[in-house]
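A.B. asks: pasting the structure only:
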């Protein structure tokens with residue numbers, strides 16, 4: 001399909017990687033709420049994966065699930081193909097899997113560096129490539145959404161391997177956006193800032209009620225807030241959006257990713273005449 005002003009009528013089937021918990025789980029459920037049958041991969045939490053599937057089915061949609069370790073590179077493409085076969089088609093693909101590593105570059109062992117790049121970038125490449133081929137073969141256009149990070153735009157001390165993988169993923173998605181445009185397939189990224197997905201069970205406050213002075217909006221985000229942007233990008237309403245990176249970070253990028261965790265008070269919000277002319 002070439003660009004002709006025609007709105008794509010891609011299938012209401014979606015695949016999400018890493019949907020057993022957190023952001024991926026929220027995305028899978030949100031897509032089901034929007035009428036998609038959803039296939040997804042999981043890795044750490046089998047009970048969480050079963051819960052995701054149950055939530056999808058409670059919304060009247062079909063669910064398909066498959067265990068996947070994206071560091072096992074040869075298994076990535078077959079996993080996407082198997083889920084698409086089970087769903088019967090593919091209209092939307094969301095790459096969500098990602099892990100972190102806190103280590104300065106000079107202290108990072110090569111094996112740890114390679115593991116982060118395999119999971120976050122190399123495995124993602126193989127999944128995205130497989131999804132792109134399926135969407136092209138389907139001939140009805142489609143949507144690809146890649147979850148990156150605010151650290152795909154801004155570096156952070158001690159995040160060398162993670163930043164490298166996310167910068168690379170962002171560049172890959174932008175290139176795909178150009179290459180797939182003639183097929184009516186859009187490719188966009190969502191770059192989350194601090195998202196409250198690992199709060200202790202003892203924390204009863206909503207994430208918006210927990211002060212985070214270093215974030216302009218004053219609090220962390222929720223997985224559902226990321227999912228809301230993803231579902232928009234996966235919808236016909238976003239038909240003219242491609243190659244974009246959406247920062248969903250409460251304004252974090254405007255003050256610096258390092259500042260978000262190191263500003264302990266709201267003093268920075270006070271205007272001052274000192275040093276101005």
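C.D. replies: Good, I have the coordinates. All figures in this text were calculated on a predicted structure; none of them were measured in a lab. Numbering: from 1, shown residues only.
A.B. asks: would you mind listing the buried residues in stretch 172-190?
C.D. replies: Along stretch 172-190, these residues count as buried under the neighbour rule (16 or more other C-beta atoms under 10 Å): 172-174, 176-177, 180, 183-190. Where you see a C-beta, it was placed from the backbone N, CA and C, and this is true even at glycine.
A.B. asks: so which of those are in helices?
C.D. replies: Counting by DSSP state H, the buried residues of stretch 172-190 place 172-174, 176-177, 180 in helices.
A.B. asks: show me which of these is closest to residue 37.
C.D. replies: residue 180 (22.2 Å; C-beta to C-beta).
A.B. asks: tell me the contacts of that closest one?
C.D. replies: Residues near residue 180 by C-beta atoms under 8 Å, 6 or more residues apart in numbering: 132, 135-136, 144, 186-187.
A.B. asks: okay, it and residue 68: tell me how far apart.
C.D. replies: For residue 180, the distance to residue 68 equals 23 Å [C-beta to C-beta, to the nearest Å].
A.B. asks: am I right that residue 178 is in contact with residue 243?
C.D. replies: Yes: applying C-beta atoms under 8 Å, one finds residue 178 in contact with residue 243, separated by 6.7 Å.
A.B. asks: how about the helices in the stretch 51-200 of the chain?
C.D. replies: 76-87, 110-117, 123-138, 160-180 (DSSP state H, counting those that start in this stretch).
A.B. asks: how many residues are close by residue 208?
C.D. replies: By other C-beta atoms under 10 Å, 16 other residues sit near residue 208.
A.B. asks: how close does the residue lying closest to it once chain neighbours are set aside sit to residue 71?
C.D. replies: Distances taken as C-beta to C-beta, 6 or more residues apart in numbering place residue 219 nearest to residue 208, at 4.6 Å, with adjacent residues excluded. Taking C-beta to C-beta as the measure, residue 219 falls 33 Å from residue 71.
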